[in-house]
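*Asks:* Next comes the sequence, and after it the predicted model I'd like to discuss.
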Amino acid sequence: MPVKTRSLGRLLLPALVALSPLAASAASDVTILRDQWGIPQVYADDVYGLYAGFGYAVAEDRLFQMEMARRSVLGTTAEVLGPDQIAYDTVTRGYFDPARIRAQIEALPAEERDILRGYAAGWNKRLAEVMADKAQLLPKEFTDFGFEPTPWTDFDVAMIYVGTMAGRFSHYSSELNNAKVLDALVEQHGETVGRQIFDQIFWIEDPLAPTTVPEGEQYQKKAEAAPVDATRFAGLAGLPVTGSDDDRPRASNLWILGPKKTTDGSTILVNGPQFGNFNPSYVFSIGLHGAGFDITGNTPFAVPNILFGTNGTIAWGATAGPLDVNDYVELELNPENPHQYRHGDGWNDMRQRQETIEVKGGDDVVIDVWESDYGAVPVFDAEHNRAFAFHRTWAGYELQTLMAWIRSTQAQDYDQWLEAASQVATTINWYYADRDGNIGYVSPGYLPVRQASQDLRLPARGDGSQDWQGIRPFGDVPKTLNPAQGWIANWNNRSGKGTVSTVEGSPWGSADRVVEIMSRIEAKDRFTPEEVWNILPETSYVDVNARYFVPRILAAGASLPADDPRQPMLAALADWDSRQIRDADGNATSPAVAILRTWMDVMVGDVLLDDAPAIPAKVMQIRIALPSQLLNNALLGEASGVPQAYDFFNGADPDAVVLAALDKTRAALTEQFGSPDVATWLLPLDQHVFDTRNYLGVPQAGADEGLAIGTAMNRGTENDMIRFSDGKVTFCAVTPPGQSGFVAPDGTKSPHYQDQLQHYADFGCRPQAFYRDDVEKSAVARSAFTVE
């Protein structure tokens, strides 16, 4: 049977100020001060009141956005948006069992549950004020969409975290999609060659891939592939599945420079979590002061844990986690009963849960959710008498993880912070800095002990032969403290070396966008604070493919005669700074943008897809996507960290293929722009767009509230910089479009609706106070209330 994830025990930080034991029924006094940007700083003497202030401020600024976020994670969007949302709600209901989340809430000690209860109480207090004066206070979107907001409970608050954080960044696996690709390759090339190509597409570990844990630290055994029957997934190619590697959450960056890397001996952390760009903002800025908390920062979807911030003694940040904490499990179904699956010598019953979806303008829809002992069963393949369950190490530990994250923000040193990390079951990258100049990194998460027979790139067998054997000790997860180089950097690259840092054949290779950050840090001995921040604009417009492919193109073309028609293309590439910036007409400022993009697409078709159409073909400019990695490895040949047993060039000279692709690029761009003049090949570029639908595709603002600025940037949804100097901390951030999404019934927008938009475009960083004196000095508005 599947092994249940062990609990590491409830974390206690005895050195910290204890959470207030006051009961939720006691009256709590709350004060909120707001600065010129509308950023709230909440003060209260007990946890319940402090988080009531949090919930109240959120309801003031983001009532419609958060009501839609709640419906998005609960799967109740059809109730207010109509029948088109039934399919979405059906999938969402299968992700979680409400009863299990409620059971976790009930098991919380009172002081932790007060966090959730207090937040809900603050939300509901503001909601009551809004409903008492709808003509002035009800956000216009509610009227436009034809429904009203509802009171929240502690369950709703918890589910915002479970859905938008645990669900978005840990509920993922590409194993089923990988198996589908393997099936297609075997069908096309036969078992031997098909597996050979598969191993080059989804390699286990490239030793040349840059890592956040520096080379030589925390050595782990090199990951290796297990023997797999390549025909096991026959027929899967025709089954619709989700979860390609392109869908994996990994779009955030961070760099920390310790005292020996800065000119003034300060310690600086810069974070850019890339959640996407939305109106209202994906993140919510706030300060929490009292009851053992003293924090300023911001956090996605106003979840109760402040992901990016400081408590004056330490600072922290985060990027998407890289650990393999999930598996798809292949279930052999009973031919006589499709809701039984083989396990050992017998058949296990699936459990049925019925959910009712209420539908605006239509009848209720009742759906069946099936669960195995491994977890939910989202995929049934009746033709081949099998199904696939989704197995998570972190199932049942969602709120343990949330509370550990909250406690980490109270930590006063690295050891206390790391102890909190040991309680985190989901996968996430955490980063640390403190006023004593220490810097650190850990990638927590519950890693399963897998059977040696399981190939981690593919679904496990559900017959018991590949059941997990437990959870790896926390000591195994990637981590570093005060690396000798004096800095830490990450752009969702490989965390470290070895087995624990391997995820389902994710394409971490020698080409990686994190090199854009690392190379700049390595280029200088010491940086001023301004130079540390300026790494951000320097990297935000770069086509990350350029570093690896432009030199190869130029080298291949070095022997071409001076009158070769491709020479102007080579000159454009040689003169290019790799940046993609719109001119006043909305076009790129260099023809090299169009040249490299088109050449990449030609190479993918001529080198990869001609041999294996199942290879993912989408080239990206914001990260080194799988086809770019495959091309880079193929061009490196024997120098590649991934053995090139299969020749994608089919015996041709790689340089000749590079130049032939350049010739095809010239023909394609001549046709596209109607001229052979390279100077006219200025590709239209996208603006930086703020979407009115949240990351799940659910409306969170009016359709007419979309915003756009300048050129699309490869940077954080928010960017913040935390600096320790002379024992003091400063925090600055930019969280566009603005702090508030409030649109009054008459259409009037809050002064803070988009007041950070241009600041973001200009790479500004607004100060956000931490110390009480600074909060008082910066305050332009004050409110106070009592909550029970």
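*Replies:* That came in fine, so what should we check first? Numbering: from 1, shown residues only.
*Asks:* Tell me if Phe155 really is in a helix.
*Replies:* Yes - according to DSSP: H, G, I helix; E, B strand; the rest coil, Phe155 belongs to a helix.
*Asks:* Surely it touches Ile101?
*Replies:* Yes - between Phe155 and Ile101 there is a contact under C-beta atoms under 8 Å: 6.7 Å. C-beta: built from backbone N, CA, C; applies to glycine.
*Asks:* Give me the pLDDT for the closest residue in space to Val365 that isn't next to it in sequence.
*Replies:* Distances taken as C-beta to C-beta, 6 or more residues apart in numbering place Ile357 nearest to Val365, at 4.4 Å, with adjacent residues excluded. Looking at Ile357, its pLDDT is 98.
*Asks:* Beyond the worst-scoring helix or strand of the chain on mean pLDDT, next helix or strand please.
*Replies:* Lowest mean confidence among the helices and strands of the chain (mean pLDDT, DSSP states H and E): helix 168-170, at a mean of 88. Per DSSP states H and E, the first helix or strand lying C-terminal to helix 168-170 is helix 175-189.
*Asks:* Any buried residues in that next one, and which?
*Replies:* 175-186, 189 (16 or more other C-beta atoms under 10 Å).
*Asks:* Can you give the contact residues for that helix?
*Replies:* Outside of helix 175-189, the residues within contact range by C-beta atoms under 8 Å, 6 or more residues apart in numbering are 193-195, 197-198, 201-202, 230-231, 233-237, 239, 241-245, 327-328, 379, 388, 457-459, 504-505, 612-615.
*Asks:* show me where the stretch 551-700 of the chain has strands.
*Replies:* 688-690 (DSSP state E, counting those that start in this stretch).
*Asks:* Low-confidence regions, it specifically.
*Replies:* Along the stretch 551-700 of the chain, the model assigns pLDDT under 70 to no residue.
*Asks:* which residue ranges form the helices in it?
*Replies:* Ranges of helices in the stretch 551-700 of the chain, per DSSP state H, counting those that start in this stretch, are 567-575, 592-603, 626-636, 654-673.
*Asks:* What's the local residue count around the residue nearest to Phe147 when sequence neighbours are not counted?
*Replies:* Nearest residue to Phe147, sequence neighbours excluded (C-beta to C-beta, 6+ apart): Val80, at 4.4 Å. By the criterion of other C-beta atoms under 10 Å, Val80 has 21 neighbours.
*Asks:* Give me the pLDDT value at Val80.
*Replies:* 99.
*Asks:* now the host helix or strand of it, how far from the chain's geometric center?
*Replies:* With secondary structure defined by DSSP H and E, Val80 is part of helix 78-81. Distance of helix 78-81 from its chain centroid, counting by C-alpha atoms, centre = their mean, to the nearest Å, is 27 Å.
*Asks:* One more: stretch 611-630?
*Replies:* 20 Å.
*Asks:* In it, which residues are buried?
*Replies:* 611-612, 614-616, 619-630.
*Asks:* Helix, strand, or coil at Ala784?
*Replies:* strand.
*Asks:* Hmm, Thr76 is touching Thr356, no?
*Replies:* No - with contacts counted by C-beta under 8 Å, Thr76 stays clear of Thr356, the gap being 10.4 Å.
*Asks:* Between the two, which is the more surrounded one?
*Replies:* Thr76 (18 against 10).
*Asks:* Check the spacing between that one and Arg70 real quick.
*Replies:* Note on Thr76: its distance to Arg70, by C-beta to C-beta, to the nearest Å, is 8 Å.
*Asks:* picking up where we left off before, so what touches the least confident helix or strand of the chain?
*Replies:* Pro249, Ala320, Gly321, Val325, Asn326, Arg392, Trp394, Thr426, Thr427, Ile428, Gly445, Tyr695.
*Asks:* ok, 6 Å please
*Replies:* With contact meaning C-beta atoms under 6 Å, 6 or more residues apart in numbering, helix 168-170 is reached by Pro249, Ala320, Trp394, Thr426, Thr427.
*Asks:* need the contact list for the third one.
*Replies:* Listed by C-beta under 6 Å, 6+ apart, the contact partners of Trp394 are Ser170, Val325, Ala425, Thr426, Tyr446.
*Asks:* any chance of those in JSON lines, with secondary structure and neighbour count too?
*Replies:* Formatted as JSON lines, the contacts of Trp394 follow (DSSP: H, G, I helix; E, B strand; the rest coil; neighbours: other C-beta atoms under 10 Å):
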{"residue": "Ser170", "secondary structure": "helix", "neighbour count": "25"}
{"residue": "Val325", "secondary structure": "coil", "neighbour count": "24"}
{"residue": "Ala425", "secondary structure": "coil", "neighbour count": "25"}
{"residue": "Thr426", "secondary structure": "coil", "neighbour count": "26"}
{"residue": "Tyr446", "secondary structure": "coil", "neighbour count": "27"}
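*Asks:* So the residue nearest to Val365 is in contact with Tyr88, correct?
*Replies:* No - applying C-beta atoms under 6 Å, one finds Ile357 not in contact with Tyr88, separated by 9.8 Å.
*Asks:* Neighbour count for the two, which is higher?
*Replies:* Ile357 (24 against 18).
*Asks:* and the more buried one, what is it in contact with?
*Replies:* Ala78, Asp89, Val365.
*Asks:* sec struct for Gln454, please.
*Replies:* Assignment for Gln454 (three-state DSSP): coil.
*Asks:* Which of the helices of the stretch 551-700 of the chain sits closest to Gly496?
*Replies:* helix 626-636 (18.8 Å; C-beta to C-beta).
*Asks:* Any chance you could list what contacts the closest one?
*Replies:* Contacts for helix 626-636 (C-beta under 6 Å, 6+ apart): 245, 507, 509, 511, 545, 548, 552, 603-604, 608, 616-617, 619, 640, 642, 648, 654.
*Asks:* Now, of these, which are buried?
*Replies:* Buried among the contacts of helix 626-636 (16+ other C-beta under 10 Å): 245, 507, 509, 511, 545, 548, 552, 603-604, 608, 616, 619, 640, 642, 648, 654.
*Asks:* And the residue nearest to Thr670 when sequence neighbours are not counted, how close does it get to Met600?
*Replies:* Leaving aside its chain neighbours, Thr670 sits nearest to Pro676 (4.8 Å; criterion: C-beta to C-beta, 6+ apart). Pro676 sits 21 Å away from Met600, going by C-beta to C-beta.
*Asks:* between the two, which one's more packed in?
*Replies:* Met600 (22 against 14).
*Asks:* chain center to stretch 451-471: distance?
*Replies:* For stretch 451-471, the distance to the chain centre is 26 Å (C-alpha atoms, centre = their mean).
*Asks:* Same question for stretch 624-633.
*Replies:* With C-alpha atoms, centre = their mean as the basis, stretch 624-633 stands 21 Å off its chain's centre.
*Asks:* just stretch 70-89 next, same as before
*Replies:* On C-alpha atoms, centre = their mean, the centre of stretch 70-89 falls 23 Å from that of its chain.
*Asks:* Quick one: residues in contact with it.
*Replies:* So stretch 70-89 is in contact with 92-93, 147, 156, 159, 163, 357-362, 365, 696, 698, going by C-beta under 6 Å, 6+ apart.
*Asks:* From those residues, list the buried ones, please.
*Replies:* The buried subset of the contacts of stretch 70-89 (16+ other C-beta under 10 Å) comprises Thr92, Arg93, Asp156, Met159, Gly163, Ile357, Val359, Lys360, Leu696, Val698.
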